[in-house]
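Visitor: have a look at this fold, sequence not included:
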């Protein structure tokens, strides 16, 4: 089951949501995770030292520019902090693109959560107490944040608000920079160029749209989501999701519309 929690109003400019999940998997499953343009800090609550993500230690889950397949053999228990576009740069001077398609132990570099007390988190008895402890830590960092150029925050939110359908040239009109400077700084703050960020935003919209309207024709979905035609839609699904829209939707595993997993055929070992 997937749940979301609103952040403290003081953190709302930086944190989009806190989330928690405790999906129960029926045996060994290979699950496909899709890109959505977001960056998260993840806490694994399953106390198993053989896990790749160690228990209670915060990991930055970088922006995904393509799908990834993850093998799970037992139930997932996780808490996550989902940041708004550009916002994680307030907490670290590391260019965000260096985290792309990676999971990074935050204790390995001087940055967000580097001084976080994971043992104290493990002592908390339930989900709400753990979320409150994480939020208290984030609130304590408000006085030492890096400044972010607000025009990039505006552009990133504008891309999301328009579902990635605005041409890059139009975005360039909203900043006082050359195209090269704009693209370089946008990539530093979001992990992607404006064009890639727009493409993934539009793909994420179309993926959600298909889940909500499974009987809609691909041609109609393509037009509603800003693609030239259904062939363009299919190409983008194969690019970011690794499969056609029909194949992907037929393998939807979780029932949560907010946090979908897709089944994949496990690789033979």
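Guide: Sure thing, it's come through. For clarity, every value in this text was computed on a predicted model and none was experimentally measured. Residues are numbered from 1 along each chain as shown.

Visitor: give me the nearest residue to the most centrally placed residue in the chain, chain neighbours excluded.
Guide: The centroid of the chain falls nearest to residue 38 when counting by Cα atoms, centre = their mean (2.9 Å). Nearest residue to residue 38, sequence neighbours excluded (Cβ to Cβ, 6 or more residues apart in numbering): residue 82, at 5.6 Å. Where you see a C-beta, it was placed from the backbone N, CA and C, and this is true even at glycine.

Visitor: show residues contacting the helix or strand that contains the one you found.
Guide: Element membership of residue 82 [criterion: DSSP states H and E] is strand 78-83. Residues outside strand 78-83 that contact it (Cβ atoms under 8 Å, 6 or more residues apart in numbering) are 14-22, 38-46, 61, 127, 130-131, 134, 138.

Visitor: buried subset of these as a ChimeraX selection?
Guide: Selecting only the buried entries of the contacts of strand 78-83 in ChimeraX, with 16 or more other Cβ atoms under 10 Å as the criterion:
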select :14,15,16,17,18,19,20,21,38,39,40,41,42,43,44,45,61,127,130,131,134,138
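
Visitor: all helices for the stretch 101-250 of the chain, in order.
Guide: Listed from the start of the chain, the stretch 101-250 of the chain has helices (DSSP state H, counting those that start in this stretch) covering 118-123, 127-139, 150-161, 168-172, 179-190, 194-212, 218-224, 230-241, 245-249.

Visitor: one step back: tell me the mean pLDDT over the strand holding residue 82?
Guide: For strand 78-83, the mean per-residue pLDDT is 94.

Visitor: same check on stretch 186-203?
Guide: Averaged over stretch 186-203, pLDDT sits at 96.

Visitor: equivalent analysis for stretch 28-44, please.
Guide: 88.

Visitor: again, but for stretch 15-25
Guide: Here stretch 15-25 scores 84 as its mean pLDDT.

Visitor: going forward, begin numbering at 41 instead of 1
Guide: All right, first residue 41 from here; so that's stretch 55-65.

Visitor: return the distance of it from the chain's centre.
Guide: With Cα atoms, centre = their mean, to the nearest Å as the basis, stretch 55-65 stands 12 Å off its chain's centre.

Visitor: low pLDDT regions in the stretch 91-240 of the chain?
Guide: Along the stretch 91-240 of the chain, the model assigns pLDDT under 70 to residues 91, 113-115, 150.

Visitor: who's in contact with residue 272?
Guide: Contact analysis of residue 272 by Cβ under 8 Å, 6+ apart lists residue 262.

Visitor: now it: how far from residue 57?
Guide: Distance from residue 272 to residue 57, counting by Cβ to Cβ, to the nearest Å: 31 Å.

Visitor: state the number of residues packed around the closest residue to residue 214 other than its chain neighbours.
Guide: Excluding the flanking residues, the one nearest residue 214 by Cβ to Cβ, 6+ apart is residue 195, at 5.8 Å. Residue 195: 24 surrounding residues under other Cβ atoms under 10 Å.

Visitor: cool, and the one 10 residues further on?
Guide: With neighbours defined by other Cβ under 10 Å, the count for residue 205 comes to 13.

Visitor: contacting residues for it?
Guide: Residues near residue 205 by Cβ under 8 Å, 6+ apart: 238, 242, 266.

Visitor: switch to 7 Å and redo it
Guide: Residues near residue 205 by Cβ atoms under 7 Å, 6 or more residues apart in numbering: 242, 266.
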